[in-house]
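In: kindly return the folded structure for what I paste below:
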Amino acid sequence: MPQWAVRGSYLARRDYWQRFTWVRPAPNADAARERALSEVGGCHHVARRWIRVESVEPVQEPP
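Out: Residues are numbered from 1 along each chain as shown. Down below sits the predicted model:
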């Protein structure tokens, strides 16, 4: 299963957006985005509307 890097930020405090990079295996980019939203929201108790995903990119594995 390919690895995906999801980059973005979430509202940690009033007027402060905490940046994150989430790298995990997922079957496709949409699944990676959904899993990142779920994990970041669950761990930090943030609603999905306060999470901004900036990019979803495949991670190149070394040969």
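In: only C-alpha atoms for contact and neighbour calcs from this point on.
Out: Fine.
In: mind listing what the helix or strand where residue 17 lies pairs with, with the direction of each?
Out: Residue 17 is part of strand 16-25 when elements are defined by DSSP states H and E. Partners of strand 16-25 in the sheet, by DSSP bridges, are strand 3-13 (antiparallel).
In: for the record, mean pLDDT for the partner strand?
Out: Averaged across strand 3-13, the pLDDT comes to 95.
In: circling back: residues contacting the strand holding residue 17, please?
Out: 1-12, 32, 36 (CA atoms under 8 Å, 6 or more residues apart in numbering).
In: can you give me the offset of that strand from its chain's centre?
Out: On the basis of CA atoms, centre = their mean, to the nearest Å, strand 16-25 is displaced by 5 Å from the centre of the chain it belongs to.
In: just the buried residues of the contacts of strand 16-25.
Out: Among those, those buried by neighbour count (16 or more other CA atoms under 10 Å) are 3-11, 32, 36.
In: farthest-apart pair in these, please.
Out: 3 and 11 (25.5 Å; CA to CA).
In: so where's this protein uncertain?
Out: 62-63 (pLDDT under 70).
In: one step back: give the buried residues for the strand holding residue 17.
Out: Residues of strand 16-25 classed as buried by neighbour count (16+ other CA under 10 Å): 22-25.
In: just name the closest of those to residue 52, please.
Out: For these, the nearest to residue 52 is residue 22 (12.7 Å; CA to CA).
In: dig out what the closest one forms beta bridges with.
Out: As for beta bridges, residue 22 partners with residue 6 under DSSP bridges.
In: OK, contacts around residue 44?
Out: If a contact means CA under 8 Å, 6+ apart, then residue 44 has no contacts.
In: try it again with 10 Å
Out: By CA atoms under 10 Å, 6 or more residues apart in numbering, the residues touching residue 44 are 10-12.
In: these two touch, right, residue 52 and residue 11?
Out: Yes. With contacts defined as CA atoms under 10 Å, residue 52 counts as touching residue 11 at a distance of 8.7 Å.
In: quick check: buried residues in the helix or strand hosting residue 33?
Out: For residue 33, the host element (DSSP H and E) is helix 29-44. Of all the residues in helix 29-44, those buried under the rule 16+ other CA under 10 Å are 29, 32-33, 35-37, 40-41.
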